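Asker: Need a 3D model of the sequence below.
(2 chains)
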Amino acid sequence: MTSLRDRARGCLLGLAAGDALGAPAENLTPAEIRRRWGRLTEIEGGGTDDTEYAIFAASLLVRHGHDLRAHDVAAAYRAEIIPRVSGPMRGAGFSELGTVEALRRGLEPPLTGLVHAHGWSDGLAMRAAPYGIFCPGDPAEAARLVEQDGLVSGSGEGIVGGRAVAGAVAAAMGGTTPDEAVAAALAVIPADSWTARNVVRVRDVLASFPDPGGSELVEALHRAVVVRHYPWTDVAPEAVALALAAFLAGGGEVEASVTFGVSLGRDADTIGAIAGAVAGAARGERGVPARWAARIGPVTGKCLPVVAGRHVLDVADELAEGL
Amino acid sequence: MSGDRIRGAVAGLAVGDAVGWPAARHRAALHAPWSRRLHRELDAFAEEHQVTTLPVPFALNQPVAPLRIGPSDDAEWLAWTLLTIDRPRAEAFRDLVPSRPGAGPPGAGQPAGQPGAGPAAGRPSGLPGAGPSGGAPAPIRARISVATALDNLANGVEPPASGHDNPHHFDDAAAIRAVAFGVLGRDPTEDAQVTNAGDGVLAAQAMAAAVAAGSMSGDVAAAVEAALDRLPADTAIGHNARLALSVARKAGDPFAAVPALDAALLDHVYSYGVGAAQTVPVALALAEAAGGELTRAVPAAACLAPLADSAPALTGALTGACGGYGAIPEGWTAPARTLAGCCLPDLAGRDLIELLEGIA
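Answerer: Predicted coordinates for the structure are as follows:
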């Protein structure tokens, strides 16, 4: 029997490992990834914004619990993020900087997430895991909570994508099978959404590939959900579907899910982080390869100075304390 | 509807389209691909050598006609909409699918890179349909929202998902096409949903309503009011429209309003400037601040460089509808009427106002 604390630690460790493993593969084509690494299995450097924003989201939950509201999140941006943005906002996607600009202009959520063009960013999905940890076995509540965070910086499919990931993690925290976790993700988002259609598409693709291993599956998944005529890759419906596909292709096992996830390229660090978080919640801390865990230290705060020095395992323990 | 004001809306859009700096970049698509590659290399040269002399669209060994002042993407997509408006919208778009590069068999529709005198080189702008690959249908050019919608249609994703499952669902491609629906007093929603969703569809509804009201009454206040009726205040476009109007009223004059609109509406975060939640509010605010006068509103719109691809065109459509064709300087209507075919090659050489025969 895996304890909730163990699953929480596995979840955030898996997130951090997937983030770090995928970072050098971000925006590379699958063919280029194969050329450089064959299969990318070893963490080369540190994690990115995914881990630091997830730690920040967890701190909101620790403070506000189930009462967390969008205005609490906006207040935290104003108090803890914006004063430390001097010059470049490193690691931030369009949605984070667009949100900061909207807050600086005095707007309040949900307008802060609506007025910039990147409402569908995967920025919420990448930091949704703590909400799932906080609501083990209750995907609907995890989705409700993550939406409060999402209303500050996202809209539409960005929020839907965050809900899907939080729902999948909450289900995995409750000890479901991979198929059930993905079904839980679909159950907390509208069927008539881009994200839901993409998740169903990748599930269908996987069903037609009984032996998921080769590059043909990678190409088929790309054909199913990748937007061809758009240069940016942080589109939540795409990243979330590819991450859940990786989780299914890896049979819910952390290393198999994450290494397949980052082999897909695109927003590889976020895909790896989401796949790692869901698989880590399913398998617990022992499910994360020890050689990966050894590479995960306290975050540097290079993207979010307010979380500098925090370690995902301590954050997981704090979240688990309230469960 | 007054015929003069219908013609004014359409010609006004073309004039505004021609005014913005991106027009010449779109029209340079009529040149051989290597010519635009040289442009990109000159951009890199300026960066590398730290020189502030930036390249402009140029014609080395290529015809100069495309680089003269003239309309580009928006006028062509408006013309296409007028020509196909009686057809079911998804069907009309689906007809464009095979000519997308990469949509057909491998290699089909890909222009060959031909330095020197390629087929495009000596081509007069009035030669319809002769694409750079000579004979094969020429590839069309479109905004990211439209390109993605065409991919969606090709993959069996029908409206409204074709416009919704789309990273640029919020852009103003449908708002531009909505001018055609506006002058005819028709609802643009079915058309808009093929390529857009959310603010992108609201923008189309607002533009059609404003153009209809403007060409009915000639009154810019009525046009703005008709647009606001379609834009809920709790949407980004509705919020921005009211903010833009208030900022421009305070400035009192379209040119004076430019820096205030920049500060209020543009966050300068994103890589593209065709968001309907910015361009349509700017067009409404400048049209109103100019009292409906195209010659005051459109130049101000062109000053907002990030929005210059479409805000001047939308502003031109609104003020053209209010003031009519006769109020647009002939020096502008003459070059703006003739389409270049830089996005929809079949339209090369077509006269935009002649397309309105039987309508206006």
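
Asker: pLDDT below threshold where in chain B?
Answerer: Chain B contains residues with pLDDT under 70 at B:1, B:98-137.

Asker: measure the residue positioned nearest the centre of it to B:Val274 for me?
Answerer: Nearest to the geometric centre of chain B sits B:Asp74, at 2.5 Å (Cα atoms, centre = their mean). With distances taken as Cβ to Cβ, to the nearest Å, B:Asp74 is found 10 Å from B:Val274. The C-beta positions use only the backbone N, C-alpha and C, and glycine is treated the same way.

Asker: Touching both of these two, which residues are there?
Answerer: B:309-310 (Cβ atoms under 8 Å, 6 or more residues apart in numbering or on different chains).

Asker: mind listing what the residue nearest to the centre of chain B touches?
Answerer: Contacts of B:Asp74 by Cβ under 8 Å, 6+ apart are B:13-14, B:16-17, B:176, B:309-310, B:313.

Asker: buried sites along stretch A:66-86?
Answerer: The neighbour-count check on stretch A:66-86 (16 or more other Cβ atoms under 10 Å in any protein chain shown) flags A:68, A:70, A:72-74, A:76-77, A:80-81, A:85 as buried.

Asker: I'd like the distance from it to the chain centre, please.
Answerer: Distance of stretch A:66-86 from its chain centroid, counting by Cα atoms, centre = their mean, to the nearest Å, is 20 Å.

Asker: Quick check: residues of the stretch 51-200 of chain A near chain B?
Answerer: With the criterion set to Cβ under 8 Å from any Cβ of the partner chain, the stretch 51-200 of chain A comes near chain B through A:94, A:97-98, A:101-102, A:105, A:110-111, A:114-120, A:156, A:192, A:194, A:197-198.

Asker: residues of the one helix or strand in chain A whose mean pLDDT sits lowest that come out buried?
Answerer: Least confident helix or strand of chain A, by mean pLDDT, DSSP states H and E, is helix A:94-104 with a mean of 93. Going by neighbour count (16+ other Cβ under 10 Å), the buried part of helix A:94-104 is A:94-103.

Asker: Rebuild the contacts of B:Asp74 as CSV, extending it with distance to chain A, neighbour count and secondary structure.
Answerer: Output for the contacts of B:Asp74, formatted as CSV (distance: Cβ to the nearest Cβ, whole Å; neighbours: other Cβ atoms under 10 Å in any protein chain shown; DSSP: H, G, I helix; E, B strand; the rest coil):
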residue, distance to chain A, neighbour count, secondary structure
B:Leu13, 23, 35, helix
B:Ala14, 26, 31, helix
B:Gly16, 22, 34, helix
B:Asp17, 22, 30, helix
B:Ile176, 17, 29, helix
B:Asp309, 14, 24, coil
B:Ser310, 14, 31, coil
B:Ala313, 19, 36, helix
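
Asker: residues of the helix ranked longest in chain B that come out buried?
Answerer: Longest helix in chain B by number of residues, with DSSP state H as the criterion: helix B:199-217. Across helix B:199-217, burial judged by 16+ other Cβ under 10 Å covers B:199-217.

Asker: Equivalent analysis for stretch A:33-50, please.
Answerer: Quick answer for stretch A:33-50 (16+ other Cβ under 10 Å): A:33-34, A:37, A:40, A:43, A:46-50.

Asker: likewise stretch B:295-309?
Answerer: Those buried within stretch B:295-309 under the rule 16+ other Cβ under 10 Å are B:296-304, B:306-309.

Asker: Arrange those residues in TSV, one row each, with distance to B:Pro63 and secondary structure as further columns.
Answerer: Formatted as TSV, those follow (distance: Cβ to Cβ, whole Å; DSSP: H, G, I helix; E, B strand; the rest coil):
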residue	distance to B:Pro63	secondary structure
B:Arg296	34	helix
B:Ala297	32	helix
B:Val298	27	helix
B:Pro299	28	helix
B:Ala300	32	helix
B:Ala301	29	helix
B:Ala302	25	helix
B:Cys303	30	coil
B:Leu304	31	coil
B:Pro306	30	helix
B:Leu307	29	helix
B:Ala308	24	coil
B:Asp309	23	coil
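
Asker: Tell me the one of the residues you listed nearest A:Ala128?
Answerer: For the buried residues of stretch B:295-309, the residue nearest A:Ala128 by Cβ to Cβ is B:Pro306; the value is 31.7 Å.

Asker: May I have the residues that are in contact with that closest one?
Answerer: Contacts of B:Pro306 (Cβ under 8 Å, 6+ apart): B:266, B:268, B:273.

Asker: Same question for A:Ala70.
Answerer: A:109-110, A:148-149, A:151-152.

Asker: which one of those sits closest to A:Asp317?
Answerer: Nearest to A:Asp317 among the contacts of A:Ala70, with distances taken as Cβ to Cβ, is A:Asp149, at 20.9 Å.

Asker: so what's the closest one closest to, chain neighbours aside?
Answerer: A:Val73 (5.2 Å; Cβ to Cβ, 6 or more residues apart in numbering or on different chains).

Asker: Flag every residue of the stretch 151-300 of chain B that's near chain A.
Answerer: Counting by Cβ under 8 Å from any Cβ, the residues of the stretch 151-300 of chain B that sit close to chain A are B:151, B:157, B:161, B:164-168, B:170, B:198, B:234-236, B:239-240, B:264, B:267-272, B:275, B:277.
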